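Participant: Sequence isn't available, so here's the structure alone:
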DNA sequence: TGCCTGTTGCAAACGGTTCGCAACTATGGA
DNA sequence: TCCATAGTTGCGAACCGTTTGCAACAGGCA
């Protein structure tokens, strides 16, 4: 989730660059989103934020997530509803989201960017469409669950 | 949206095959979903259903959409929030959704299946992940809007 | 035809999200 | 460093799309 290079600006810097005030609450939220090791929904973001700032209000979380979403710094995802109706938030490292969601173990993989480069070229060539932001979600069976199944039916 | 072949069963047949009762309300909804020429959100589905059956209740629409979603006969999409927060419903012709959403004209294209065949092979080979259901959403600029822009800056 | 169970209409309840407002505070300039 | 100002926050009520409980109704099968 947090795969930023050493050089590129963190979420907080990007927020500042967009003219947002860096309040304590926003520092907490930016830090939390940037270091989340899994996809969080709004309520989870709120719960985690409260650990760092017991007084932070739910409305602040919603407002900030919306602000970030509007600025394109964060994306809202549903991961194909594999785990119910929840909506998840994640920082947008570039313009790319590729999620492979395993319907067996509910795990989420995020493959490399090479993938996307080819795909982009292809769409541009075949369809004349110039993609800027992409979201690819695939639900299926991951490698290790395939192995597990193979073993159990052997 | 409604790209069924002459042979494969329509939504109504698939509903029956899953053991659902074919009530008047469900016929209306199935017909409507199958023949929708654009993506509809729950409220739009309700409004259209009322044209055919003035007495149909909103709750019935929600219940039916949920039932169909659980059976995998219909999918819920957000089209990357290009047009706000609405969630759209569409019948699932197979296991595939590919949408190219133009951020300029808000148009939605759905490219061919060949696309997906290659992609699937590739993911399976490179990542060991076996995809079953796929959703690809790309936001960008469509061919005709690109032309329009080229003209206006010429 | 008649039973059985799934489905519907209705209206109230629900719950996540938003909103209005007063208090607060990050930020830039004096 | 201090101030002015405009962006943010906390609070709680309101909002609104969605769900639910229940009694009436109606498909589907014998």
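Facilitator: Thanks, I have the structure now. In this text the structure is predicted, and so the values were computed from the model without any measurement. Residues are numbered from 1 along each chain as shown, chains lettered A, B, ... in the order given.
Participant: Please measure how far the first residue of stretch A:100-120 sits from its last one.
Facilitator: Across stretch A:100-120, the terminal residues are separated by 18 Å (CA to CA, to the nearest Å).
Participant: partners of the residue most central in space within chain A in the sheet?
Facilitator: By CA atoms, centre = their mean, chain A has its centre lying nearest to residue A:90, at 2.9 Å. Beta-bridge partners for residue A:90, by DSSP bridges, are residue A:75.
Participant: Tell me the pLDDT of it.
Facilitator: With respect to pLDDT, residue A:90 scores 85.
Participant: so who does it touch?
Facilitator: By CB atoms under 8 Å, 6 or more residues apart in numbering or on different chains, the contact set of residue A:90 is A:1, A:33, A:36, A:39, A:40, A:74, A:75, A:77, A:97. Where you see a C-beta, it was placed from the backbone N, CA and C, and this is true even at glycine.
Participant: Counting neighbours, what do you get for residue A:141?
Facilitator: 20 (other CB atoms under 10 Å in any protein chain shown).
Participant: same question, residue A:13
Facilitator: Residue A:13 - counted by other CB under 10 Å - has 12 other residues nearby.
Participant: Specify the local secondary structure of it.
Facilitator: helix (DSSP: H, G, I helix; E, B strand; the rest coil).
Participant: Would you mind measuring from it to DNA strand C?
Facilitator: 11 Å (CB to the nearest atom of the strand, to the nearest Å).
Participant: can you check residue A:51 too?
Facilitator: 18 Å.
Participant: Pass me the low-pLDDT residue ranges in chain A, would you?
Facilitator: Along chain A, the model assigns pLDDT under 70 to residues A:1-8, A:80, A:82-83, A:92-95, A:153-154.
Participant: Get me the contact residues on chain A for chain B.
Facilitator: Residues of chain A lying near chain B by CB under 8 Å from any CB of the partner chain: A:69, A:76, A:78, A:80-81, A:100, A:102-103, A:109, A:111, A:115, A:119, A:122-123, A:126-143, A:146.
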